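Chemist: Sequence and computational prediction follow.
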Amino acid sequence: MTAGQLRASRALLAMDQKALAELSGVSLPTIQRMEASEGVVRGTVETLTKVIEALNRAGVELIGDDARSDSGGRGVRLRHSTRS
């Protein structure tokens, strides 16, 4: 999960950081650090799992690079620009 995916997930759910912290059982400062990181979010496996599971329960499916999403519903994916 990247910091961008985390922020986009919350935006799709119209959820603030505090609500995600409560839903996931992770502290608010931890959510804030995760979102402020560059690229892939760093943290313990347990913390990352809690956040991802909370987002899944809320209705967000995180899509990795080159992964398909066959379950339907809306989604967001950032394409890499081919422009120089």
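Modeler: Structure received.

Chemist: ok, now which ones touch residue 56?
Modeler: If you count contacts by CB atoms under 8 Å, 6 or more residues apart in numbering, residue 56 has them with residue 62. Just so you know, the C-beta spots here come from the backbone N, C-alpha and C atoms, and that holds for glycine as well.

Chemist: Give me the three-state assignment for it.
Modeler: Assigned with DSSP: H, G, I helix; E, B strand; the rest coil, residue 56 falls in the helix class.

Chemist: Then the one 5 residues further on?
Modeler: Local secondary structure at residue 61 is given as coil here, using three-state DSSP.

Chemist: what about residue 60, how many neighbours?
Modeler: Counted with other CB atoms under 10 Å, the neighbours of residue 60 add up to 22.

Chemist: Would you confirm that it contacts residue 11?
Modeler: No: the criterion here is CB atoms under 8 Å, and residue 60 misses it with residue 11 at 10.0 Å.

Chemist: Now do residue 24 against residue 33, distance only.
Modeler: 14 Å (CB to CB, to the nearest Å).

Chemist: Residue 65 too?
Modeler: Residue 65 is 23 Å from residue 33, by CB to CB.

Chemist: in the worst-scoring helix or strand of the chain on mean pLDDT, what counts as buried?
Modeler: One helix or strand of the chain scores below all others by mean pLDDT, DSSP states H and E: helix 3-13, with a mean of 91. Within helix 3-13, the residues that count as buried by 16 or more other CB atoms under 10 Å are 3, 5-6, 8-10.

Chemist: just these now: which is nearest residue 42?
Modeler: residue 3 (9.6 Å; CB to CB).

Chemist: check contacts around that closest one.
Modeler: If you count contacts by CB under 8 Å, 6+ apart, then residue 3 has 34-41 around it.

Chemist: next one: residue 31
Modeler: Residue 31 neighbours (CB under 8 Å, 6+ apart): 6, 17, 20-21, 24, 51.

Chemist: Out of those residues, name the ones that lie in helices.
Modeler: Among these, DSSP state H puts 6, 17, 20-21, 24, 51 in helices.
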